[in-house]
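*Asks:* predicted model and sequence follow; I will ask about them next.
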Amino acid sequence: MIRVILTDIEGTTSSISFVHDVLFPYAAQHLPAYVRANAGEPGVAEQLDAVAEQSGVDRDDLDALVAVLQQWIREDRKSTPLKALQGQVWEDGYRTGELKGHIYPDAADYLQRWHDRGLRLFVYSSGSVQAQKLLFGHTTEGDFTPFFSGYFDTRIGGKKEADSYRAILEELGVEPATVLFLSDVEDELEAAESAGMRTAWLVRDGDPPRTSRFVARDFAEVDTLLRAR
Ligand SMILES: CSCCC(=O)C(=O)COP(=O)(O)O
Ligand SMILES: [Mg+2]
């Protein structure tokens, strides 16, 4: 019996294009000035230490660190310090209303239904927990944070590693088979299954893949799986 839904964001609750065509360009535009203005703040300095360590660039060369961060944005690198800094930069955009989080109508509908039915909802995304809360707190459809019981990001581990899902299960204190993980990335589903979770593969565009996995075009189809179990 499924009691917990753990969901990815990009390609699952929200469009890939919102992340790549809205959020990443906003970060690329505003991150350099943000980093330069706040380099002495502990929450930024800590991330710059990590960027220097991961890239091998001189920690005192702010221009070089910014260049590395811009390169990582272009490459969609799932680096924890980049994701932390992106979350900080997006905060301003959401606060001023320049950014509004995208959520698919079916995701908005079923997140509320599942919450009201007593399922516990959690997010696991490469975006930082701060970025997750900002997106769901400022969507075009309203504030969805009241529906979520918790958030996980890459500080618990990479999304393609089974140990990350084992660590999430440990934190939640639940049996693996009571958790349904939703994602659009097959390697993430495989990692979650290795940890014993159930999975649903969101394929929002194009033909469904030939696979033995449960595939859903939207959250209404995920709901049929929930009702069948
Ligand atoms: C939390 S919004 C920003 C999403 C993001 O930065 C990202 O890399 C998307 O990763 P996901 O694990 O949700 O596919
Ligand atoms: Mg995804």
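*Replies:* Alright, I've got the coordinates. Ligands and ions are numbered 1, 2, ... in the order given.

*Asks:* what ranges in the chain fall below the confidence cut-off?
*Replies:* Where the chain drops to pLDDT under 70, the residues are 229.

*Asks:* contact residues of it facing ligand 2?
*Replies:* Contact residues (CB under 5 Å from the ion) of the chain with ligand 2: 8, 10-11, 184. The way it works is simple: take the backbone N, C-alpha and C, and place the C-beta from them, glycine included.

*Asks:* tabulate these (TSV), appending secondary structure.
*Replies:* Supplementary listing: the residues of the chain next to ligand 2 in TSV, determined by DSSP: H, G, I helix; E, B strand; the rest coil:
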residue	secondary structure
Asp8	coil
Glu10	strand
Gly11	coil
Asp184	coil
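
*Asks:* rebuild those residues as a markdown table, extending it with neighbour count.
*Replies:* Shown next, in a markdown table, are the residues of the chain next to ligand 2 (neighbours: other CB atoms under 10 Å):
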| residue | neighbour count |
| --- | --- |
| Asp8 | 23 |
| Glu10 | 22 |
| Gly11 | 18 |
| Asp184 | 17 |
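
*Asks:* of these, list those near ligand 1.
*Replies:* 8, 10-11 (CB under 6 Å from any ligand atom).

*Asks:* closest to Gln47 among those residues?
*Replies:* For those, the minimum distance to Gln47 (CB to CB) is 20.9 Å, reached by Glu10.

*Asks:* in the longest helix seen in the chain, what's buried?
*Replies:* Scanning the chain for the helix with the most residues, using DSSP state H, yields helix 80-96. By neighbour count on 16 or more other CB atoms under 10 Å, the buried set for helix 80-96 is 80-91, 93-94.

*Asks:* noted, bye for now.
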